[in-house]
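*Asks:* Provided below for reference: sequence and predicted model.
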Amino acid sequence: MNQVDSLLKGSVDMHIHSGPGLVSRSLDHVEAAQEAMEAGQKAIVIKDQHIPSADTANIIQKYIVGDAPFRIFGSVALNNAAGGVNPRVVEAALGCGAKVIWMPTLSAKFHKEGHAKMSAKAQAAMPKTKFALSQDPPLSILKEDGGLIDEIHEICELIAQKNAVLGTGHLSWPETYAVIKAAKEAGVEKIVVDHPEHLLKATAEQMKELTDQGVYVEHVLALVYSNKSSHEKIYEMIRAHGVEYCVVASDLGQVGRPHPVQGMRNFITDMLEMGLTEAEIRKITSQNPGELLDV
């Protein structure tokens, strides 16, 4: 086994966009699990932008994974199609075994405002749903006076009770700071800020501020393959904020891009060449995400 494959073995990818779903994907959930198992990965989380995925993950765990030393987990993104910012959606998802609860992503007001500012070419390149949803009003977790909506406090309490992961999704900076504060007050111990260099345009200093609070910063490889980032930029950010509270996930499954396992393999290859140590790579691809998912 070569060095890259050795590092890939035992890794955890907690952000995979496999299908089927409203958006066409390059592989389905079963294929994602099979490819991850073949590579020796320890666990994956499947993320659908429109529906909860824990029940699907449970079926695959039982009938495909079986007794193999591998876990596939579900999640839910609190977009309109899944029920929005709704504690009952979160309660049901957690009850079915979801490990990650994401704040709104595609339905987030901040996401929609950013999408509207994109060029026509950039908008055309975004993955499309197979049919247009009839209603998708912009969601914000803040009231007009700047305070958090009541549902967030209950959602945070539910996440804390199950020791699950809270992902900040595609929220704005004010929303991100507010939900982190509420989550900590509710006892949530696992908070991940998703790809902060993307929509939030976070600086290295802002990322360091997050990690200094014990909040995990997630870098995703999908941005590399959509020309919004690069392995070099990810390396520089990791060097700036350190590996202690850093997670790298593929965020892959988009048509025309590498499958998640290949994306992780490419990343590990380049990180070794750029100077990350084996211990540092294991920290951000295996140990940290593994601890977040309790595997």
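*Replies:* All right, it came through fine.

*Asks:* What about residue 20, how many residues nearby?
*Replies:* 12 (other Cβ atoms under 10 Å). (Each C-beta comes from the backbone N, C-alpha and C, glycine too.)

*Asks:* List the contacts of it.
*Replies:* Residue 20 is in contact with residue 28, counting by Cβ atoms under 8 Å, 6 or more residues apart in numbering.

*Asks:* Report the contact partners of the residue nearest to residue 75 when sequence neighbours are not counted.
*Replies:* Once flanking residues are discounted, residue 75 sits nearest to residue 100: 3.9 Å by Cβ to Cβ, 6 or more residues apart in numbering. By Cβ under 8 Å, 6+ apart, the contact list for residue 100 reads 14, 45, 47, 73, 75-76, 164-167, 192.

*Asks:* repeat that for 7 Å
*Replies:* 14, 45, 75, 164-165, 167 (Cβ atoms under 7 Å, 6 or more residues apart in numbering).

*Asks:* Can you select the buried ones from the residues you listed in PyMOL?
*Replies:* In PyMOL syntax, the buried subset of the contacts of residue 100 is picked out as below (16 or more other Cβ atoms under 10 Å):
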select buried, resi 14+45+75+164+165+167
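
*Asks:* Can you list the low-confidence ranges for the stretch 1-150 of the chain?
*Replies:* Residue ranges of the stretch 1-150 of the chain with pLDDT under 70: 118-127, 131, 134.

*Asks:* so who does residue 136 touch?
*Replies:* Per Cβ under 7 Å, 6+ apart, neighbours of residue 136: 80, 107.

*Asks:* Assign it to helix, strand or coil.
*Replies:* The three-state assignment at residue 136 reads coil, by DSSP: H, G, I helix; E, B strand; the rest coil.

*Asks:* how far away is it from residue 104?
*Replies:* With distances taken as Cβ to Cβ, to the nearest Å, residue 136 is found 10 Å from residue 104.

*Asks:* quick one on the thing from earlier: mind listing the residues bridging to the residue nearest to residue 75?
*Replies:* residue 75, residue 165 (DSSP bridges).

*Asks:* mind checking how far it is from residue 292?
*Replies:* 8 Å.

*Asks:* so what's in contact with the two at the same time?
*Replies:* Joint contacts of residue 100 and residue 292 (Cβ under 7 Å, 6+ apart) are 14, 165.

*Asks:* Tell me where the protein has helices.
*Replies:* For the chain, the helices defined by DSSP state H occupy 3-8, 29-38, 54-60, 87-95, 109-116, 120-125, 150-162, 173-186, 204-212, 222-225, 231-241, 260-274, 278-282, 288-293.

*Asks:* Which stretch among the ones you listed approaches residue 69 most closely?
*Replies:* Ranking the helices of the chain by their distance to residue 69 (criterion: Cβ to Cβ) puts helix 29-38 first, at 8.9 Å.

*Asks:* got the CA coordinates for that closest one in PDB?
*Replies:* Provided in PDB are the C-alpha atoms of helix 29-38 (Å, rounded to 0.1, in the frame of the first residue of the first chain):
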ATOM      1  CA  HIS A  29     -25.600   6.500  -2.200                       C
ATOM      2  CA  VAL A  30     -24.800   2.800  -2.600                       C
ATOM      3  CA  GLU A  31     -21.900   3.500  -4.900                       C
ATOM      4  CA  ALA A  32     -20.600   6.200  -2.600                       C
ATOM      5  CA  ALA A  33     -20.600   3.700   0.300                       C
ATOM      6  CA  GLN A  34     -19.000   0.900  -1.800                       C
ATOM      7  CA  GLU A  35     -16.300   3.100  -3.100                       C
ATOM      8  CA  ALA A  36     -15.500   4.400   0.400                       C
ATOM      9  CA  MET A  37     -15.400   0.900   1.700                       C
ATOM     10  CA  GLU A  38     -13.100  -0.300  -1.100                       C
END
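
*Asks:* Next, the buried residues of it.
*Replies:* Of all the residues in helix 29-38, those buried under the rule 16+ other Cβ under 10 Å are 29-37.

*Asks:* What of stretch 237-249?
*Replies:* For stretch 237-249, the neighbour count (16+ other Cβ under 10 Å) marks 237-238, 241-243, 245-249 as buried.

*Asks:* swap in stretch 195-214?
*Replies:* Going by neighbour count (16+ other Cβ under 10 Å), the buried part of stretch 195-214 is 195-200, 202, 206-208, 210-211.

*Asks:* Turn those residues into a markdown table, including distance to residue 286 and pLDDT.
*Replies:* Converted to a markdown table, the buried residues of stretch 195-214 look like this (distance: Cβ to Cβ, whole Å; pLDDT from 0 to 100):
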| residue | distance to residue 286 | pLDDT |
| --- | --- | --- |
| 195 | 20 | 96 |
| 196 | 21 | 96 |
| 197 | 22 | 95 |
| 198 | 23 | 93 |
| 199 | 27 | 91 |
| 200 | 26 | 94 |
| 202 | 24 | 95 |
| 206 | 26 | 96 |
| 207 | 21 | 95 |
| 208 | 23 | 95 |
| 210 | 21 | 97 |
| 211 | 18 | 97 |
